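In: The sequence and its predicted three-dimensional model are supplied below.
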Amino acid sequence: MKLKLFTCALAFAATLSAQAQSHVMEVKTGKPGAAVSPTMYGLFFEDINFAADGGLYAELVKNRSFEFPQAYMGWRVFGNVELKADGPFERCPHYVVLSDPGHRERRTGLQNEGFFGIGIEKGKEYRFSVWAKAPKGDTQIRVQLINENTMEEHQEFVQQKLDVKGSEWKKYELVLKSNRTEPKAQLRIFLSGKNPVALEHVSLFPADTYKGRKNGLRKDLAQALADVHPGVFRFPGGCIVEGTTLDTRYQWKNTIGPVENRPLNKNRWEDTFDYRYYADYYQSYGLGFFEFFQLCEDMGCEPLPVLSVGLACQFQNGLDAHAPMDGLQPFIDDCLDLVEFANGPADSKWGKIRAEMGHPEPFNMKYIGIGNEQWDTPYFDRLKPFVKAMREKYPNIKIVGTSGPDSEGKNFEKGWAAMKELKADLVDEHFYRPENWFLGTPEGNEKERWPNCGALRYDSYDRKGPKVFAGEYACHGKGKKWNHYETSLYEAAFMTGIERNADIVEMATYAPLFAHVDGWQWRPDMIWYDNTRMFKSVSYYVQQMYAMNKGTNTLSLTMDKKPVAGQPGQDGLFASSVFDKTTGEVIIKVVNTSKQQQPVTINLAGMKGERNAETLTLTWNGSMDEENTLDNPEKIVPKKGSLACQAEKKQTVLSDQVPAMSFRIYKVKK
Ligand code: AHR
């Protein structure tokens with residue numbers, strides 16, 4: 001009897017102590033606050049890490065128009081092949097002529113290596129197309145998909161003949177169906193007729209692209225983007241907007257109209273890092289501004305194009321590299337003309353091109369970024385005439401300026417002050433920072449350097465100036481600058497601060513988005529792939545969890561009347577809450593960055609009675625350095641669950657044990 005009493009007393013004490021230790025949070029569910037912008041969580045696309053050609057853009061042939069400075073880069077030519085420069089496409093004039101090799105046992109032809117090989121999948125169809133003519137009488141080519149390194153008798157595993165007739169340029173097409181998967185195949189073309197053939201714009205696409213478009217996007221990658229449910233899509237960069245030199249900046253006007261006539265551009269990421277060097281990194285512009293706008297429309301998000309302000313990359317250049325103040329008009333015109341291209345009537349100069357490309361309706365563009373990651377007076381002085389011209393002609397377009405490459409410091413401060421003065425609508429901030437920046441726990445001299453880091457960053461922002469666009473950010477582990485679980489979790493923790501401050505933060509996009517495992521220059525990245533497979537990183541899932549649970553209005557969530565932001569005494573907990581007016585759901589996000597499970601009690605003030613909460617949890621029991629991989633793409637993914645909330649006298653109460661190092665979302669119908 002005595003023992004029984006003692007056991008009961010112990011149990012009671014344990015319950016009491018568990019309650020005492022529980023972190024009690026208050027959510028004011030009856031008082032929806034600031035609206036969460038529908039653009040809040042988005043995507044930022046830049047052609048870095050072979051994100052466009054060799055990535056999202058589904059073209060499988062590299063240097064399809066022989067326009068690379070070394071005309072045969074990506075190709076191996078054999079036999080009697082001549083390069084010519086008077087082709088049918090003015091801005092891509094090169095083509096090849098294959099002629100008889102001079103002996104019946106000799107061959108003429110060419111072979112393309114694709115981007116780190118050509119990814120071919122069993123049972124799928126591939127659309128081969130080429131512009132061709134037979135200047136000296138009808139002839140024939142043989143088109144093959146090959147595995148050059150096979151031990152089988154034949155290297156080719158798919159082959160078709162194509163008759164080329166007539167001396168005028170014509171587009172020819174055939175469909176190749178593969179009976180095997182070859183992640184690193186090549187495309188080989190033999191001249192099999194006696195007469196010569198001229199070939200231009202040699203192209204191979206999977207037939208099954210995203211939305212089935214011919215000049216389409218790789219389906220798995222585009223679908224992964226759509227599955228985020230982004231609110232905004234920023235494109236085309238990043239540093240490629242600026243170029244290493246101005247002549248290699250991204251020029252949107254070169255990216256529209258027929259793909260065959262879009263001139264090549266050198267990719268600025270070709271030679272940025274000599275320790276990650278890819279001599280063959282160019283931009284075909286096959287994925288251009290029309291395709292970007294179309295993708296935004298497909299995904300139901302706002303397009304945010306970023307254009308050059310007349311500055312070449314400031315990191316890489318002195319002042320003489322930039323457009324002079326009296327030479328800015330063409331750059332300003334690019335901005336004004338872009339609005340007409342996106343939104344103008346189908347009979348306007350630029351709107352007409354959009355209409356001819358198959359989209360007479362406007363794209364309804366609302367934002368424009370001017371300058372990527374610029375700083376100081378060279379930027380501020382140049383931006384001024386752009387703002388003036390835009391305001392005069394298109395007062396409803398929101399202008400996004402930038403505070404430069406740093407998340408704090410002299411240039412950052414100057415940038416914000418200048419953007420306020422110029423009345424930019426939003427300021428694009430960039431922060432690639434380590435773990436303790438994201439957690440808001442600076443050490444030593446970091447305290448001085450990072451006065452405003454962590455999830456409380458935006459709590460003290462001036463509410464009267466421009467809004468914030470957190471346009472590029474990612475947690476870069478100290479000494480571990482690659483994707484791993486821990487840094488993704490800290491991104492989730494930081495984002496509670498973005499959400500709490502939705503009145504000032506209008507949009508946020510993680511960066512970079514894509515990386516080819518065989519051709520990257522920068523990491524971590526959100527989505528990785530090879531030629532046939534892809535995986536979504538844990539950071540991807542963090543972004544998706546926020547984007548799909550963004551709600552419509554903020555709700556106050558506090559612990560001891562303070563924001564839950566990993567503050568002293570909060571045991572590594574971060575939390576935020578929103579209300580979704582469309583579904584009537586209260587959504588609570590809790591991130592536990594401590595190594596222990598944490599008891600949490602959430603009082604849902606304004607709600608009564610029992611409820612069931614849906615949960616979505618990202619947690620991992622293995623090493624914090626791990627990540628999803630191509631071979632194990634779903635190792636770490638969010639999992640659904642549910643939790644009963646109790647009806648207490650005053651309010652509904654949600655009690656939980658939040659696992660160590662985890663991110664959990666609760667959704668409760670009001
Ligand atoms: O996201 C990679 C690069 O980081 C971007 O191109 C640039 O804006 C920033 O420096």
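Out: Sure, I can see it.

In: Return the residues in contact with whatever residue of the stretch 51-200 of the chain ends up closest to the ligand.
Out: Nearest residue of the stretch 51-200 of the chain to the ligand (CB to the nearest ligand atom) works out as residue 51 at 10.2 Å. For glycine as for every other residue, the C-beta is placed from the backbone atoms N, C-alpha and C. When contacts are counted by CB atoms under 8 Å, 6 or more residues apart in numbering, residue 51 touches 45, 512, 513, 514, 515, 516.

In: please redo it, this time with the cut-off set to 7 Å
Out: Neighbouring residues of residue 51 by CB atoms under 7 Å, 6 or more residues apart in numbering: 45, 513, 514.

In: what about the first one, how many residues close to it?
Out: Read it as residue 45. Counted by other CB atoms under 10 Å, the residues lying close to residue 45 total 24.

In: for it, what are its contacts?
Out: Contacts of residue 45 by CB under 7 Å, 6+ apart are 51, 233, 234, 235, 236, 513.

In: excluding its backbone neighbours, what's nearest the closest residue to the ligand within the stretch 251-400 of the chain?
Out: Of all residues in the stretch 251-400 of the chain, residue 373 sits closest to the ligand, at 4.2 Å by CB to the nearest ligand atom. Sequence neighbours aside, residue 405 is the residue nearest to residue 373 in space, at 4.7 Å (criterion: CB to CB, 6 or more residues apart in numbering).

In: where in the stretch 251-400 of the chain is pLDDT low?
Out: Counting by pLDDT under 70, the stretch 251-400 of the chain contains no low-confidence range.

In: how about the strand or helix carrying residue 81: buried residues?
Out: Per DSSP states H and E, residue 81 falls inside strand 80-84. Applying a neighbour-count criterion of 16 or more other CB atoms under 10 Å, one finds 80, 81 buried in strand 80-84.

In: what do you get for stretch 559-576?
Out: By neighbour count on 16+ other CB under 10 Å, the buried set for stretch 559-576 is 559, 563-567, 570-576.

In: Next, format those as JSON lines and append pLDDT and distance to the ligand.
Out: Listed next are those as JSON lines, based on pLDDT from 0 to 100; distance: CB to the nearest ligand atom, whole Å:
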{"residue": "559", "pLDDT": "98", "distance to the ligand": "35"}
{"residue": "563", "pLDDT": "98", "distance to the ligand": "29"}
{"residue": "564", "pLDDT": "98", "distance to the ligand": "30"}
{"residue": "565", "pLDDT": "98", "distance to the ligand": "26"}
{"residue": "566", "pLDDT": "98", "distance to the ligand": "26"}
{"residue": "567", "pLDDT": "98", "distance to the ligand": "30"}
{"residue": "570", "pLDDT": "98", "distance to the ligand": "31"}
{"residue": "571", "pLDDT": "98", "distance to the ligand": "33"}
{"residue": "572", "pLDDT": "98", "distance to the ligand": "28"}
{"residue": "573", "pLDDT": "98", "distance to the ligand": "30"}
{"residue": "574", "pLDDT": "98", "distance to the ligand": "25"}
{"residue": "575", "pLDDT": "98", "distance to the ligand": "29"}
{"residue": "576", "pLDDT": "98", "distance to the ligand": "26"}
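
In: roughly how far apart are residue 609 and residue 590?
Out: Separation of residue 609 from residue 590 (CB to CB, to the nearest Å) stands at 22 Å.

In: got it, and residue 194?
Out: 74 Å.

In: Identify the residue nearest residue 546 in space, chain neighbours excluded?
Out: Spatial nearest neighbour of residue 546, excluding adjacent residues (CB to CB, 6+ apart): residue 41 at 4.9 Å.

In: I'd like to know the beta-bridge partner residues of that neighbour.
Out: residue 508 (DSSP bridges).

In: so who does it touch?
Out: Contacts for residue 41 (CB under 7 Å, 6+ apart) come out as 230, 231, 508, 543, 546, 547, 550.
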